[in-house]
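# one predicted model, sequence on top.
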Amino acid sequence: MSNKTNNFPADFVWGVATSAFQIEGASSADGKGPSIWDSFCAKPGAIADASNGDNACQHYQRWAEDLDMIAALGVNAYRFSVSWPRVQPAGSGAWNAKGLDFYERIVDGLLARDLQPHLTLNHWDLPDALQATGGWANRDTTQRFVDYALGINARLGDRLASIATHNEPWVVAVLGHEAGIFAPGIKSRKTAAQVSHHLLLSHGLALRALREQGVSAKLGIVLNLAPMHPATDSAADRAQATLEDGRLLRWYLDPLFKGAYPADVLADLGDDAPQIEPGDLQSMTAPMDFLGVNYYSHSVVSADKSYKAGSTGLPVTDMGWEVYPEGLTELLLRLKRDYPVPPLFVTENGGAFKDEMVDGQVHDSDRLDYLARHIEAVAEAMRQGVNMGGYMVWSLMDNFEWASGYEKRFGIVHVDYQTQQRTLKDSALWYRDFLQAQKTL
Ligand code: GBH
């Protein structure tokens, strides 16, 4: 595919992203406590291939080789998350020195390779001990999260480029507590609403506490956002799309940037609306230095419950998600138009595809094409005035894809789970060449 992308500034952040539970393995090594994902994986039927995160990519052991691989891609940044129960096994009280040492090796190892460390505090693997007292549905967990954030900042903050509080609070709330297809596997719309409130609250409280403690890293949050498109032009479909836009986007963006929940979603929740204490909404508006946007696809919405996602005729990925790069430009422009946003980062973008290894190579032209078109969509948003700070590919390497287990592959690096051998796919080679070209433009 031709490459007309040439307007990225020299200091643009180019990265690859992962999360702790999906790559580390070593699920009980060196004093790590169990997380809700360790427990969830043990439930029959929860994970498509009945797998778990016990070994994953063995990144806990192979981190040095993995950091070399990241450096070889020519990116200038790496987004990773800390496993809370690895550093604070019970989610409160005692810290685990060996766990903290691991993340210090990662951070120092990145800096030694000239790579910016971008750290996420909560990429879903809540300590099991906190779930035992209600998890994110319990207001007290917000204070535990603040303590955790302060502990990480005290140990690593001076060397971090950024700290994101939560990854995709919608996923934790809705997929974890309403649909129940992700940990902790609860099915209650009321609980999900309360969880989303506590996630937003803990974000705001953590930001305030971090600023008081003293912080050099940029602070923000990462949201999964998708433009909502009605399946047809019918009034019913359009109304449904507006409500879904409220649930996925405005429910998070409005409190973060406007200090209020959207009235239409509150009304729709009725008795399921969360309990809000005085001052909560003010806490949520703590100023941010960046907003992370995870973009995979648009979302097509129908009032007809039997409507099947992925049926507009657009190509779909191996997850069934439609490939729609224009939606990323549309989304970034909308964020700039409707909210006083700080610099935006695409903190995740990528696709699962059915990769085949042939003679030691993976010709993943579909993924390569996906990435090239989405990077171009970011460039288009920038040409239209959006303040973009960076772009990160999901994911560095094939890994544990949550409820899909190891069946879905998102990596630009192939992982052979038998041997743990890593092989750069064509998409990784393309990304490397693209980044090299950026430097000489
Ligand atoms: C991210 O979540 C996660 O942060 C990351 O850990 C994960 O590995 C990665 O994406 C890939 O899944 O069915 O067409 O309506 C993604 C959040 C929420 C994006 C559900 C797609 C449904 C699309 N996803 N959404 S559709």
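Right, received. Where do you want to start? From a predicted model like this one, the values you see are computed outputs, not experimental measurements.
# is the residue most central in space within the chain bridged to anything, and to what?
Nearest residue to the geometric centre of the chain (CA atoms, centre = their mean): Asn167, 4.4 Å. Applying DSSP bridges to Asn167 gives these bridge partners: Val222.
# again, but for Met357
Val362.
# pretty sure it sits against Thr423.
Yes. Contact between Met357 and Thr423 holds when scored by CB atoms under 8 Å: they sit 6.9 Å apart. Backbone N, C-alpha and C define where each C-beta goes, glycine included.
# overlap in contacts of these two?
Shared contacts of Met357 and Thr423, defined by CB atoms under 8 Å, 6 or more residues apart in numbering, are found at 414, 416.
# please identify which of the two sits among more neighbours.
Neighbour tally, Met357 and Thr423, criterion other CB atoms under 10 Å: the higher count belongs to Thr423, 17 against 13.
# ok, now which ones touch Ala260?
Here Ala260 is in contact with 254, 281 (criterion: CB under 8 Å, 6+ apart).
# pull up the gap between it and the ligand, please.
To the ligand, Ala260 is 25 Å away according to CB to the nearest ligand atom, to the nearest Å.
# end-to-end on stretch 121-138?
End-to-end distance for stretch 121-138, by CA to CA, to the nearest Å: 18 Å.
# please report phi then psi for the residue lying closest to Val174 once chain neighbours are set aside.
Excluding the flanking residues, the one nearest Val174 by CB to CB, 6 or more residues apart in numbering is Ala192, at 5.5 Å. Backbone torsions of Ala192, given as degrees, to the nearest 10, read phi -60, psi -40.
# and Ala192, how many neighbours?
By other CB under 10 Å, the residues close to Ala192 number 26.
# list the contacts for it?
Contacts of Ala192 were listed using CB under 8 Å, 6+ apart, and they are 173-174, 176-178, 186.
# now these as JSON lines including secondary structure and distance to the ligand?
Below are the contacts of Ala192 laid out as JSON lines (DSSP: H, G, I helix; E, B strand; the rest coil; distance: CB to the nearest ligand atom, whole Å):
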{"residue": "Ala173", "secondary structure": "helix", "distance to the ligand": "12"}
{"residue": "Val174", "secondary structure": "helix", "distance to the ligand": "9"}
{"residue": "Gly176", "secondary structure": "helix", "distance to the ligand": "11"}
{"residue": "His177", "secondary structure": "helix", "distance to the ligand": "14"}
{"residue": "Glu178", "secondary structure": "coil", "distance to the ligand": "13"}
{"residue": "Ile186", "secondary structure": "coil", "distance to the ligand": "17"}
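# ok, so of the residues you listed, who is nearest Arg86?
For the contacts of Ala192, the residue nearest Arg86 by CB to CB is Gly176; the value is 19.8 Å.
# the closest one reaches Lys187, doesn't it?
No. The criterion here is CB under 8 Å, and Gly176 misses it with Lys187 at 10.0 Å.
# quick one: Gly411 from Asn399, how far?
Distance check for Gly411 against Asn399: by CB to CB, to the nearest Å, it reads 7 Å.
# same thing with Gly259?
Gly259 sits 37 Å away from Asn399 when distances are taken as CB to CB.
# of these two, which one has the most company?
Asn399 (27 against 13).
# near the ligand, which residues of this protein?
Selection of the chain residues close to the ligand by CB under 6 Å from any ligand atom yields 19, 167-168, 171, 224, 294, 296-297, 299, 309, 321, 348, 394, 401, 410.
# and the residues you listed, which of them are in strands?
Taking DSSP state E as the definition of strands, the residues of the chain next to the ligand contribute 167, 224, 294, 299, 348, 394.
# give me the neighbour count for the fourth one.
Read that as Ser299. Ser299 is flanked by 20 other residues according to other CB under 10 Å.
# contacts only, for it.
For Ser299, the contact set (CB under 8 Å, 6+ apart) comprises 226-229, 244, 248, 309.
# out of these, which one sits closest to the ligand?
Nearest to the ligand out of these is Ala309 (CB to the nearest ligand atom; 4.4 Å).
# from what I see, the closest one and Gly320 are in contact.
Yes. Contact criterion CB under 8 Å: Ala309 and Gly320 qualify, at 6.6 Å.
# name the nearest residue to Arg373, ignoring sequence neighbours.
Distance criterion CB to CB, 6+ apart; nearest residue to Arg373, sequence neighbours excluded, is Pro325 at 4.1 Å.
# and Gly176 and Lys187? Which one has more around it.
When Gly176 and Lys187 are compared on other CB under 10 Å, the one with more neighbours turns out to be Gly176, at 27 against 12.
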